[in-house]
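> Sequence plus the predicted model coming up.
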Amino acid sequence: MTPTATDVADADLLSPEAVADPYPLLAAMREHDPVHWSERFRSWFVTRFDDVSTALRDPRFSSDRITPYRRAKLEGPDADPALRAAFGVLGEWMVFKDPPDHTRLRRLLSRSFTPRAVGRIAPRITELVDELLDAAPPGRIDVVRDLAYPLTASVIAEMLGVPRADQERFKEWSDRITGLVFGGLSDTDRHRSGAEGMGELTGYLTELVARREREPADDLLSGLITARDEQDALTHDEVIATGVLLLFAGHETTTNLIGSGVRAMLAHPGQAARMAADPALVNGAVEEMLRFDGPAKTVVRLMADDVELRGRVLRRGQRVFLSPSAANRDPAAFDDPDTFDITRRQGRQLGFGVGMHYCLGAPLARLETAIAVPRILERLPGAVPAGEPHWAPVLLSRGMERFPLLAGGAGAG
């Protein structure tokens with residue numbers, strides 16, 4: 001049943017129905033109440049393309065949601081030391097900073113993530129995809145757990161210079177940090193587990209950074225240590241925090257994109273056949289995967305000042321969820337937006353954001369997806385979903401925790 005204006009009044013994007021398919025509810029919000037105050041989440045939801053695009057560029061919509069939380073919850077004598085330390089690391093992440101700190105960090109990191117820089121690892125990505133497909137169990141394969149996650153985690157770990165023998169340890173750490181970043185602020189159990197995972201990962205990277213300071217290598221971590229721009233440099237704490245960010249964000253988004261991309265292609269076999277027949281369509285296909293069912297359901301901002309938007313006043317200090325998922329299916333921006341079309345010419349999708357916080361890792365995510373999705377489809381001919389996927393029940397990201405396929409061709413060359 002299509003949601004109505006009445007449904008929007010009590011919208012719950014974490015209901016089982018909305019987690020499985022958020023688009024009907026997002027469409028109703030976009031149509032009936034595009035700047036929606038949610039009593040349930042004590043936050044605003046902004047859903048129209050023009051509003052989301054504008055807000056992502058507006059400095060009054062602040063990215064720093066860590067500092068207010070630390071001041072309110074973690075500065076007292078009874079605060080959990082592990083949680084205080086974990087949020088100290090999060091506070092150094094570029095994605096949670098506003099200018100001028102954000103500008104400085106992005107300048108120092110940007111050279112490592114240009115399309116040309118990441119393009120050099122394309123052969124290794126192809127090699128890893130084939131290794132994972134060769135090792136996959138025959139008959140039934142999980143796109144997320146057997147392919148997308150280990151691929152993206154291995155790529156960013158190898159780029160940073162993490163020894164292969166240690167890479168499996170990052171799965172547990174990353175899963176726990178996910179609860180810290182994406183869990184609700186009142187979810188103390190997930191926060192505590194995430195803080196412990198953050199502490200273990202930070203400790204590991206501290207040792208690895210010390211090793212690279214003594215013996216630099218041709219890897220990204222060594223590049224972070226030696227990053228220089230007009231006498232500027234990353235501090236020791238910034239190197240550690242950025243390493244944690246890259247290991248976490250460097251696979252989370254792309255895992256979700258690859259999983260949803262394979263799902264979209266299997267659901268639209270005509271589009272998959274067109275891409276297979278004409279490999280030149282693959283880049284357009286990736287853009288359509290980002291638009292149609294991309295990994296960024298919402299993006300959090302805190303109001304740094306009062307802003308009036310469509311007759312509503314968003315007050316200083318209030319939380320706002322800007323929704324790329326809703327914006328990317330706005331009929332005012334895209335013709336026939338609920339249709340998956342890899343030859344679509346409109347290319348303004350917001351899957352990686354826009355403006356100064358445009359995703360630094362977008363070239364790497366695009367490259368991994370452009371290699372992995374066609375190769376998975378080629379190597380698993382006739383694959384079909386083995387039931388419904390299991391979606392992560394979170395507000396911010398759109399991704400599957402499991403996506404099993406019945407794949408008689410698994411492992412076949």
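Nice, thanks for sending it over. Numbers count the residues shown, from 1 in each chain.

> pLDDT weak spots in the stretch 151-300 of the chain?
Confidence mapping of the stretch 151-300 of the chain against pLDDT under 70 gives the ranges 183-188, 228-230.

> Validate this expectation: T126 resides in a strand.
No - counting by DSSP: H, G, I helix; E, B strand; the rest coil, T126 falls outside a strand, being helix.

> What separation is there between it and E378?
According to C-beta to C-beta, to the nearest Å, T126 and E378 sit 12 Å apart. Where C-beta positions appear, they are placed from N, C-alpha and C, glycine not excepted.

> Same check on I240?
Counting by C-beta to C-beta, the gap from I240 to E378 is 40 Å.

> more neighbours, the two?
With neighbours defined as other C-beta atoms under 10 Å, I240 and E378 compare such that I240 has more, 22 against 13.

> Surely that one is in contact with V209?
Yes - contact criterion C-beta atoms under 8 Å: I240 and V209 qualify, at 6.3 Å.

> Which residue would you name as the spatial centre of the chain?
Computing the C-alpha centroid of the chain and ranking residues by C-alpha atoms, centre = their mean puts T253 first, at 2.9 Å.

> and that one, what element?
Per DSSP states H and E: T253 is located in helix 236-267.

> Buried ones in that helix, by neighbour count?
For helix 236-267, the neighbour count (16 or more other C-beta atoms under 10 Å) marks 238-266 as buried.

> what's the answer for stretch 171-178, then?
W173, S174, R176, I177, T178.

> Mind exporting the C-alpha coordinates of it to CSV?
C-alpha atoms of stretch 171-178 as CSV (Å, rounded to 0.1, in the frame of the first residue of the first chain):
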residue,chain,number,x,y,z
LYS,A,171,36.1,-7.5,10.2
GLU,A,172,35.3,-7.8,13.9
TRP,A,173,36.7,-4.4,14.6
SER,A,174,34.8,-2.8,11.8
ASP,A,175,31.5,-4.5,12.7
ARG,A,176,31.8,-3.1,16.2
ILE,A,177,32.7,0.4,15.1
THR,A,178,29.6,0.3,12.8
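
> helices and strands around the host helix or strand of H191, which ones?
Here H191, judged by DSSP H and E, is contained in helix 188-214. If contacts are counted by 3 or more C-beta pairs under 8 Å, 6 or more residues apart in numbering; DSSP states H and E, helix 188-214 sits against helix 81-90, helix 169-182, helix 220-226, helix 236-267.

> Which one of these lies nearest to R310?
Proximity to R310 (C-beta to C-beta) singles out helix 169-182 among those, at 27.9 Å.

> what's the angle between the closest one and helix 81-90?
Interaxial angle, helix 169-182 versus helix 81-90 (axes from the mean of the first three to the mean of the last three C-alpha atoms, to 10 degrees): 90 degrees.

> what sits against E368?
The contact partners of E368, by C-beta atoms under 8 Å, 6 or more residues apart in numbering, come to I125, L151, T152, V155, T254, I258.

> Can you read off the backbone torsions of it?
The phi and psi values for E368, taken as degrees, to the nearest 10, are phi -60, psi -40.

> so how many other residues sit close to the nearest residue to the residue nearest to the centre of the chain once chain neighbours are set aside?
Nearest residue to T253, sequence neighbours excluded (C-beta to C-beta, 6 or more residues apart in numbering): P295, at 4.8 Å. When neighbours are defined as other C-beta under 10 Å, P295 has 26 of them.

> Make sure P295 is actually in contact with N256.
Yes - if you go by C-beta under 8 Å, P295 and N256 touch, sitting 3.7 Å apart.

> Now the common contact residues for those two.
In contact with both P295 and N256: S397, R398, G399, using C-beta under 8 Å, 6+ apart.

> do you know how far the last one is from Y23?
When you say that, I think you mean G399. Here the criterion is C-beta to C-beta. By it, G399 lies 15 Å from Y23.

> Between those two, tell me which one has more neighbours.
G399 (27 against 18).

> show me the contacts for that one.
Here G399 is in contact with V144, E252, T255, N256, G259, S260, P295, W391, A392 (criterion: C-beta under 8 Å, 6+ apart).

> how about the nearest residue to it, chain neighbours excluded?
Closest residue to G399 apart from its sequence neighbours, by C-beta to C-beta, 6+ apart: N256 at 3.0 Å.

> Pretty sure that neighbour sits against E401.
No - between N256 and E401 there is no contact under C-beta under 8 Å: 9.9 Å.

> Mind listing the shared neighbours of those two?
With C-beta under 8 Å, 6+ apart, N256 and E401 have no common neighbours.

> And the shared contacts of P295 and N256, which is closest to D130?
Out of the shared contacts of P295 and N256, the member with the shortest distance to D130 (by C-beta to C-beta) is G399, at 23.7 Å.

> I am finished for the moment; much appreciated.
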